[in-house]
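let's see this in three dimensions:
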Amino acid sequence: MKVAIVHYQFKRGGGMESYLADLVRGFRAAGDAVDVWAREVDADFARELGASAFRLLPIPLPRAFRNRVFASRIEKLELTDRYDLVIALSRTRGHHVAINGGTHPGFAEATNRPDSAHDRRETRLERSMLGCAQAVVAHSGTLAAQIRRFYPDAAARVNVLYPPIDTTRFHPLDEAARSRARQALGLARDDLAFVFPSMDHARKGLSPLLEAFRELDDPRARLLVAGRSARAALPPRVTVLGYVQDMPALYAAADWTVLPSRYEPFGLVIAESLACGTP
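I've put the predicted structure just below:
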């Protein structure tokens, strides 16, 4: 079977990028050929996964136009005529299945965003994405309820299918391996390590987390920020790790994973953390 997957970026990143990689691995393991059409592409990552990658926007565009132009270019490709299965993870048209990790109106409501032209554009793109799909996949019951609420025309085509966890990667480590992972992070034996995985600090709640951490009167406490660099002034005992490729080792090294998100319809990192035995 020839499969096409459409997403804004095909590279290592957050939850949807991890989910895209899992889709590619699954289809490849089943013997299918996979092409990924994206706005941004990491060619080395694509080769590692065994997928062909096509980058559609080589010229940088202003933020307000990126998604609309990308959606327009994807639609003109008429991918459903060229592939047995086309899956969209982005707000585009011209696919068989739309997979949604969150709704834009739900995000705007949860974060108390004032109505803007950008939000209205993104909602229109999302309505179009869901409207043209033969099937819509929601990553949780909460998300399915949001889709039915904000996009009632798509309600009859919504299916709840939780994201997979690769238990060959995400599993508890023995005590020796955990000790090595902690040492690599500079953690002392008695340190109490909290890990905060985030590529979107405003939505994931870094500011209130830092406020809480400043009040935590325990010299053993360490906060490890994995993902995007933090612009905010950081209190003592907070370490920014940047992008972490070996997340299973990081979860295993930590005592707790913390994610005080303002909007989180599923929260893949929580399931991955629990699979590693980290509460």
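
burial count for Ala155?
Per other C-beta atoms under 10 Å, the neighbour tally for Ala155 reads 14. No exception for glycine: its C-beta is placed from N, CA and C like everyone else's.

does it touch Gln146 like I think?
No. Counting by C-beta atoms under 8 Å, Ala155 does not reach Gln146; the two are 11.0 Å apart.

what about the strands in the chain?
2-10, 33-41, 52-55, 85-88, 97-100, 135-138, 158-160, 192-198, 221-227, 238-242, 256-257 (DSSP state E).

ranking those strands by mean pLDDT, which is last?
Lowest mean pLDDT within these: strand 238-242, at a mean of 91.

put the alpha carbons of that one into CSV.
Written as CSV, here are the backbone C-alpha positions of strand 238-242 (Å, rounded to 0.1, in the frame of the first residue of the first chain):
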residue,chain,number,x,y,z
VAL,A,238,16.5,24.6,37.3
THR,A,239,18.3,23.1,34.3
VAL,A,240,17.3,23.6,30.7
LEU,A,241,18.4,20.5,28.8
GLY,A,242,17.2,21.6,25.3
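
quick one: buried residues of it?
Val238 (16 or more other C-beta atoms under 10 Å).

who are the packing partners of it?
Helices and strands touching strand 238-242, as assessed by 3 or more C-beta pairs under 8 Å, 6 or more residues apart in numbering; DSSP states H and E, comprise strand 221-227.

can you pull out the low-pLDDT segments for the stretch 151-279 of the chain?
Where the stretch 151-279 of the chain drops to pLDDT under 70, the residues are 232.

so what's the nearest residue in space to Leu161 that is not next to it in sequence up against?
Spatially, and ignoring its direct neighbours in sequence, Leu161 is nearest to Val137 (4.9 Å; C-beta to C-beta, 6 or more residues apart in numbering). Taking C-beta atoms under 8 Å, 6 or more residues apart in numbering, we find Val137 in contact with 97-100, 158-161.

Phe266: neighbour count?
Number of residues near Phe266 (other C-beta under 10 Å) recorded here: 19.

for the residue lying closest to Glu40 once chain neighbours are set aside, give its distance to Arg82.
Nearest residue to Glu40 in three dimensions, chain neighbours excluded: Gln9, at 4.1 Å (C-beta to C-beta, 6+ apart). Applying C-beta to C-beta, to the nearest Å, the value for Gln9 to Arg82 is 22 Å.

what about those two, which has more around it?
Higher neighbour count among Gln9 and Arg82: Gln9, with 19 against 11, using other C-beta under 10 Å.

all helices for this structure, in order.
For the chain, helices defined by DSSP state H occupy the ranges 15-29, 43-49, 63-77, 104-110, 117-131, 141-150, 175-184, 201-204, 206-214, 247-253, 268-275.

nothing else from me, thank you.
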